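Undergrad: quick one: sequence and predicted model below, then my questions.
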Amino acid sequence: MIKILMPTDFSDNSMNAIKYALEFFKYQTAEFYFMHAYEAEVYNHEELLSRTVFDDIVARVKKESEENLAKLLVAVKEISPNPRFSYFTRSANNTLLDEAEVITDDKNIDLIVMGTKGKSNKSSLTFGSNTLQVLKYVKCPVLAIPEGYKYSQPRHALFPTNFLIPYKRRELKLLCDLLTPYRTKIDLLYVSSSSKLSFRQEDNKAFIEGTVCNNELNYFSEDSRKVDGAINKYVEENEVDFLIMVNTQHSYLENILFQSTIDKISLKIAIPLLVMQNLRRS
């Protein structure tokens, strides 16, 4: 059984990610946790002009959150009356980031699924601020679904990696569980001005090749210093429909996300992005 956390702000982008997940996991036994964290809505409320009305606004926002989650649950059950699925809801006066961490630890969540953007949906941004925070800091794999992306079975995945870190078995097992049922072809892409791998890189490459189940695995190298540009180009030219990256120190993704402001991230995501968090979890 897989446990999936789905943060929601009740936007179209959020609902699109939910529909994708319900279809993607339809052959698996799964627990879905739909979570709405509303602390920001309290502090940004138009009627919050003085401390005296604070408790009243909290109560009203909480009630609205619970009602919207109840409506969402009805819609989800209509979309996917799947006997393999169990559904749970959680409304919390907390930040999305903090509540996601609490639920991930409390329920031993395997995967977070969310849209790349939420209500704000600024077209020039690759990620919304909430999604970016989750990708950077929550110690759990994240599957991010782009705005308006319609479900299709993943046939060709790209896994850019510099092979500098030893991957966790739990992470690679999740990758197997997600993509093996679809017999997805996975391309490993090494982007560097030098194609030669060190002994450590060779060992990490061999570990991936020996762990990623029965999926077809191919290795490619790209002579380039611009990782994000090489990834964008490879996706466009090779009909890639699923992108896999790892968030850890010295990884391609860390360099892209942490060294860029939110409005200058040059990785353009038009396909589902699976971010594996190579961080220690209990």
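TA: Alright, I've got the coordinates. Numbering: from 1, shown residues only.
Undergrad: tell me how far residue 193 lies from residue 224.
TA: Look at residue 193 and residue 224: by CB to CB, to the nearest Å, they are 7 Å apart. Any C-beta I mention is one placed from the backbone N, CA and C, and that applies to glycine too.
Undergrad: right, I mislabeled it, should have said residue 7
TA: Distance from residue 7 to residue 224, by CB to CB: 35 Å.
Undergrad: more crowded one of these two?
TA: Neighbours were counted for residue 7 and for residue 224 using other CB atoms under 10 Å; residue 7 has more, 27 against 14.
Undergrad: the more buried one reaches residue 36, doesn't it?
TA: Yes. With contact defined as CB atoms under 8 Å, residue 7 reaches residue 36; the gap is 7.5 Å.
Undergrad: could you pull out the strands in the stretch 101-250 of the chain for me?
TA: 111-115, 142-145, 156-160, 185-192, 217-223, 242-247 (DSSP state E, counting those that start in this stretch).
Undergrad: residue 26 - how many residues pack around it?
TA: 13.
Undergrad: so who does it touch?
TA: Residue 26 sits next to 80, 82, 84 when contact means CB atoms under 8 Å, 6 or more residues apart in numbering.
Undergrad: swap in 10 Å and give it another go.
TA: Under the criterion of CB atoms under 10 Å, 6 or more residues apart in numbering, the neighbours of residue 26 are 80, 82, 84-85, 151.
Undergrad: TSV please, covering those and showing pLDDT and distance to residue 96.
TA: Converted to TSV, the contacts of residue 26 look like this (pLDDT from 0 to 100; distance: CB to CB, whole Å):
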residue	pLDDT	distance to residue 96
80	94	24
82	95	26
84	96	27
85	98	23
151	95	24
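Undergrad: widest-spaced pair of those residues?
TA: 84 and 151 (17.2 Å; CB to CB).
Undergrad: more crowded one of these two?
TA: Neighbour totals were compared for residue 84 and residue 151, and residue 151 leads with 15 against 12 (other CB under 10 Å).
Undergrad: just to check, that one is in contact with residue 272?
TA: Yes. Using CB atoms under 10 Å, residue 151 makes contact with residue 272 at a distance of 9.2 Å.
Undergrad: hmm, back to that, which neighbours do residue 7 and residue 36 share?
TA: Common contacts of residue 7 and residue 36, defined by CB under 10 Å, 6+ apart, comprise 14, 90, 96, 99.
Undergrad: looking at the residues you listed, which is nearest residue 212?
TA: residue 14 (30.4 Å).
Undergrad: the closest one: neighbour count?
TA: Residue 14: 22 neighbours (other CB under 10 Å).
Undergrad: how much space between it and residue 161?
TA: In terms of CB to CB, residue 14 sits 30 Å off from residue 161.
Undergrad: cool, and residue 106?
TA: 31 Å.
Undergrad: ok, these two, which is more surrounded?
TA: residue 161 (21 against 10).
Undergrad: show me what contacts the more buried one?
TA: By CB under 10 Å, 6+ apart, the neighbours of residue 161 are 167, 188-191, 201, 204-205, 208, 244-246, 251-253.
Undergrad: how near is residue 30 to residue 12?
TA: 23 Å.
Undergrad: got it, and residue 81?
TA: 22 Å.
Undergrad: the two: which has the busier surroundings?
TA: Set side by side, residue 81 and residue 12 show more neighbours around residue 12, with 14 against 8, by other CB under 10 Å.
Undergrad: next SSE after the helix or strand bottoming out on mean pLDDT in the chain?
TA: None of the helices or strands of the chain scores lower by mean pLDDT, DSSP states H and E than helix 252-258, at a mean of 67. Counting by DSSP states H and E, the next helix or strand C-terminal to helix 252-258 is strand 273-277.
Undergrad: the inter-axis angle of that next one versus strand 156-160?
TA: In terms of direction (axes from the mean of the first three to the mean of the last three CA atoms, to 10 degrees), strand 273-277 departs from strand 156-160 by 40 degrees.
Undergrad: strand 273-277 pairs with which strands?
TA: strand 142-145 (antiparallel), strand 242-247 (parallel) (DSSP bridges).
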